[in-house]
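A.B. asks: quick check, what structure comes out for this input:
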Amino acid sequence: MAHPLDSARLKVHRARGHLEALDIERKRFTDTNPFRLVVEPDLATGEDVVRFRCDEPIRVPLVLGLIAGDAIHNLRSALDHVVYQLALAGGGDGDRTQFPIFEDGHAYADHVGRLLEGVPEDERSKIKELQPFRARTLIEAGAAPPTTARDPLAVNMYLMFLGRLDNLDKHRLPLPGGVLVPFRQPSFEGVARARVRNHAPWLRVADGGEYCRISDLELLPGVTEAKVSSDFPYTIAFGDPEWNPIGQPNDVWVDRSKGAATRADLGIIAEFVDQIIIMFDPVLESAPASPSGL
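C.D. replies: Residues are numbered from 1 along each chain as shown. Purely as a prediction, here's the structure:
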């Protein structure tokens with residue numbers, strides 16, 4: 001017998017299929033090694049700066065944004081399927097329902113009656129706990145913003161970015177992408193001594209962009225130029241490529257243009273959506289599946 005949440009699970013399964021396709025296309029792009037690292041002097045500070053240098057402007061293939069957008073939409077749609085089935089189980093028809101994702105509590109109060117029409121009160125309370133505005137309220141009151149996916153408020157933040165990116169994908173085709181790399185301690189050739197300082201755990205790749213700074217650089221005898229390399233994986237951020245969704249200042253809540261998701265972030269969002277489906281599984285276990293629930 002079909003379960004009412006089968007369609008939601010299939011949506012998540014389809015999203016994961018898109019993420020696998022994204023991995024293939026992403027590797028095809030990053031295997032071209034679109035940049036190199038060079039050491040250049042900073043005459044203003046006396047330091048040496050390791051910078052990205054690109055022979056040509058980096059253009060993330062449009063197909064990557066298309067695939068990421070398909071994954072995002074399937075994850076957003078899976079949540080709508082959950083609410084539709086909850087509404088049917090509560091005696092509604094589900095015709096106007098939608099899983100709410102609100103960053104403002106007043107807007108949530110204005111729209112939740114329509115979006116969750118027919119959904120039982122206990123299930124409405126669970127959905128309210130997941131809302132981004134709940135995390136925003138707690139953070140503004142002094143709670144620590146999430147820095148990892150295991151933090152208590154991480155699901156609220158990741159749903160915020162799911163909502164933002166899905167809205168962006170509806171109105172802008174495709175999602176813009178930018179190349180990011182994690183900072184890794186570089187290796188040097190021809191260097192006797194160097195003290196390295198980096199300014200961020202993730203860095204956006206662009207011609208002339210700063211990777212790290214070196215002080216007390218001392219070359220080996222007879223060496224005229226330091227060579228630098230670093231072993232790091234590339235990733236692509238979709239949305240606002242200069243923004244990392246976790247571990248950034250609180251103004252992320254203020255500026256709704258902010259928000260990006262890497263491939264890893266999209267995988268985390270898929271896990272959270274899975275957890276939300278499981279959360280409502282006991283409520284719908286004995287309910288008959290509607291045609292949309294397969």
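A.B. asks: show me where the stretch 101-250 of the chain has strands.
C.D. replies: 177-182, 187-189, 191-197, 202-204, 210-219, 227-229, 235-239 (DSSP state E, counting those that start in this stretch).
A.B. asks: quick one: these as CSV, columns for mean pLDDT, distance to Arg263 and mean neighbour count too.
C.D. replies: Quick note: C-beta positions are derived from backbone N, CA and C, even for glycine. Conversion of the strands of the stretch 101-250 of the chain to CSV gives the following (pLDDT from 0 to 100; distance: least, Cβ to Cβ, whole Å; neighbours: other Cβ atoms under 10 Å):
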stretch, mean pLDDT, distance to Arg263, mean neighbour count
strand 177-182, 86, 10, 20
strand 187-189, 89, 26, 14
strand 191-197, 90, 27, 14
strand 202-204, 83, 13, 17
strand 210-219, 90, 21, 17
strand 227-229, 87, 24, 16
strand 235-239, 86, 6, 25
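A.B. asks: for Ile269, which of the ones you listed is the nearest?
C.D. replies: Nearest to Ile269, of all the strands of the stretch 101-250 of the chain, is strand 235-239, at 11.6 Å by Cβ to Cβ.
A.B. asks: so which elements touch the closest one?
C.D. replies: Strand 235-239 sits against helix 6-30, helix 62-89, helix 154-171, strand 177-182, strand 260-262, helix 263-284, with contacts defined as 3 or more Cβ pairs under 8 Å, 6 or more residues apart in numbering; DSSP states H and E.
A.B. asks: pass me the low-pLDDT residue ranges in the protein, would you?
C.D. replies: Residue ranges of the chain with pLDDT under 70: 1, 173, 241-258, 286-294.
A.B. asks: just give me the residue closest to the centre of it.
C.D. replies: When the chain is reduced to its mean C-alpha position, the nearest residue by Cα atoms, centre = their mean turns out to be Ala261, at 2.2 Å.
A.B. asks: tell me the contacts of that residue?
C.D. replies: Residues counted as contacts of Ala261 (Cβ atoms under 8 Å, 6 or more residues apart in numbering) are Ala68, Ile72, Phe161, Leu165, Ala237, Phe238, Gly239, Pro245, Ile269.
A.B. asks: count of neighbours near the third one?
C.D. replies: Applying the criterion other Cβ atoms under 10 Å, we find 25 residues in the vicinity of Phe161.
A.B. asks: please apply the same query to the fourth one.
C.D. replies: Using other Cβ under 10 Å, Leu165 is surrounded by 28 other residues.
A.B. asks: OK, contacts around it?
C.D. replies: Contacts here follow Cβ under 8 Å, 6+ apart; on that basis Leu165 touches Gly69, Ile72, Leu175, Phe238, Gly239, Gly259, Ala260, Ala261.
A.B. asks: at 6 Å instead, please
C.D. replies: With contacts defined as Cβ atoms under 6 Å, 6 or more residues apart in numbering, Leu165 is in contact with Ile72, Gly239, Ala261.
A.B. asks: please apply the same query to the last one.
C.D. replies: Applying Cβ under 6 Å, 6+ apart, we find Ile269 in contact with Leu75, Tyr158, Leu162.
A.B. asks: next one: the first one
C.D. replies: Ala68 makes contact with Leu175, Phe238 under the criterion Cβ under 6 Å, 6+ apart.
A.B. asks: Phe102 is in contact with Phe133, isn't it?
C.D. replies: Yes: with contact defined as Cβ atoms under 6 Å, Phe102 and Phe133 form a contacting pair (5.5 Å).
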